[in-house]
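Participant: this one's sequence-less:
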C-alpha cells in the first residue's frame, strides 16, 4: 500500500505525531489511524545497532493502515545508519528520520541523539550515507540548541551543514536540550520554548521544509505556527487527548476523517485487541493502554479508564472488558 498524499498545496509534514519512546509503538499508531488518516506518524526511536544485531521484525513490523509512517533511527555511524535506513525502506516506511534531539542519559552514553548537534559534520555524513542508500526522504529531528547556551547561529550552522548533505526536512523541537542536570521528562518542560527561533530558521532557509515541535496543545496554536512554518508536530497532547486527532483531517487536510464517534473507535479497538492480543506477551492490555485518553473530558472517563487499566481483568476477553468499561462510563454496574 502506498503512502497517502495530502491535498494539493499541503506539505506532507503539515501535521504529525511525535516519536515517543514506549508510547508510539505499532499499536498506538494503529489506534491513531482510527482517528486520522493523513497525519504523519512516527515510530519510537530504534537504534541502528538494534536493527543490525537484533530482532528486525519486532522493531519494524507495522500495518499498512499506518501509512504515511516514518521510521526514526538513532545512531552515529554512517555505514550502520545507511544499512538500517535501507532496512526501513525495504519494510515499506515512507521516511527515515535521524534523531538529533533526544537528551536521555542512555542515548548520551551512545554519543547520539542531542549530542550529535555538536558534530554537524558527522550528522551530514550520516545523512549523506542514508540518502545514498534509500530513495525515500531522509529527515532530521533536532533541538534549537544544547545546554544553556542560546545561540541562534549554532543551530543555523547545524542546519546549513546538514542541508548541504541533502537533507530537505528539519523537525525542530523549540527548546534547548540540557545534557546535564535534567531528566528526559524535565527536558520536555524546563528549557524555555522559543518558537521565534524556529520561525527565523524558516526565514533563513525558505527552500527547506521546517516543522515545529514542543508544547503545542490546541488548534489555535497549530494555526498560529502554520503561519510561520511548514508543519507542526504534536507530542504528549496527542497521547493525553487523542480525540483531538479526530478533527485534524478536516481541519488541516480538507478531507473527512475516519472517526465518527468515540464508541465506534472503541469498538474497532476492541476488535483489534481480540485479534492481536493473543500474540502479545501483555495480552490485550499492551494495546488498550494506548487508548486510555480516548474519553478525556467526558463524564465517567475516569471510571472507564480504571476498567481498561485494571490488571485483574487481563484474563477476560477484551469484549467483556469493554462491557464493563461501558457500564462504568454510564455509572452503572455490569455483570459478565
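Facilitator: Done, it's in. As the structure is a prediction and not an experimental result, all values here were calculated from the model. Residues are numbered from 1 along each chain as shown.
Participant: so where do the strands sit in this protein?
Facilitator: 15-17, 41-42, 46-47, 69-74, 95-100, 138-146, 169-177, 209-213, 231-234 (DSSP state E).
Participant: any chance you could map the helices in the stretch 1-150 of the chain?
Facilitator: For the stretch 1-150 of the chain, applying DSSP state H, counting those that start in this stretch gives helices covering 26-33, 48-53, 56-60, 78-91, 105-109, 120-133.
Participant: what's the spacing between the third one and its chain's center?
Facilitator: Put simply, helix 56-60 sits 17 Å off its chain's centre (Cα atoms, centre = their mean, to the nearest Å).
Participant: Which residues does it contact?
Facilitator: For helix 56-60, contacts defined as Cβ atoms under 8 Å, 6 or more residues apart in numbering pick out 46, 50, 51, 71, 87, 88, 91, 93. Yep, even glycine has a C-beta here, placed from its N, CA and C like the rest.
Participant: In that helix, which residues are buried?
Facilitator: 56, 59, 60 (16 or more other Cβ atoms under 10 Å).
Participant: Redo the helices of the stretch 1-150 of the chain as CSV? Include mean pLDDT and distance to residue 327.
Facilitator: Shown next, in CSV, are those (pLDDT from 0 to 100; distance: least, Cβ to Cβ, whole Å):
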stretch, mean pLDDT, distance to residue 327
helix 26-33, 98, 22
helix 48-53, 96, 42
helix 56-60, 96, 36
helix 78-91, 98, 41
helix 105-109, 65, 42
helix 120-133, 98, 51
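Participant: Can you report how many residues lie near the closest residue to residue 202 other than its chain neighbours?
Facilitator: Nearest residue to residue 202, sequence neighbours excluded (Cβ to Cβ, 6 or more residues apart in numbering): residue 210, at 4.4 Å. Residues contacting residue 210 under the criterion other Cβ atoms under 10 Å number 23.
Participant: which ones are touching residue 210?
Facilitator: So residue 210 contacts 170, 172, 198, 201, 202, 229, 230, 231 (Cβ under 8 Å, 6+ apart).
Participant: again, but for residue 272
Facilitator: For residue 272, the contacting residues are 27, 30, 287, by Cβ under 8 Å, 6+ apart.
Participant: Over to residue 119?
Facilitator: Shown in contact with residue 119 (Cβ under 8 Å, 6+ apart): residue 76.
Participant: now residue 265
Facilitator: Residue 265 touches 34, 35, 246, 259, 291, 294, counting by Cβ under 8 Å, 6+ apart.
Participant: Quick check: the gap between residue 125 and residue 248.
Facilitator: As judged by Cβ to Cβ, to the nearest Å, residue 125 and residue 248 stand 36 Å apart.
Participant: Mind checking which of the contacts of residue 272 are buried?
Facilitator: Buried members of these, scored by 16+ other Cβ under 10 Å, are 27, 30, 287.
Participant: Reformat the buried residues of helix 56-60 as TSV; add distance to residue 141.
Facilitator: Conversion of the buried residues of helix 56-60 to TSV gives the following (distance: Cβ to Cβ, whole Å):
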residue	distance to residue 141
56	22
59	18
60	19
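Participant: Can you tell me which of those lies closest to residue 188?
Facilitator: residue 59 (23.9 Å; Cβ to Cβ).
Participant: any weak-confidence spans in this structure?
Facilitator: 1-9, 105-111, 333-336 (pLDDT under 70).
Participant: tell me the domain ranges of it?
Facilitator: By the assignment in automatic domain parsing, the chain contains the domains 15-253, 262-330.
Participant: Excluding covalently adjacent residues, which one is nearest to residue 139?
Facilitator: Here the residue nearest residue 139, using Cβ to Cβ, 6+ apart, is residue 169, at 4.0 Å.
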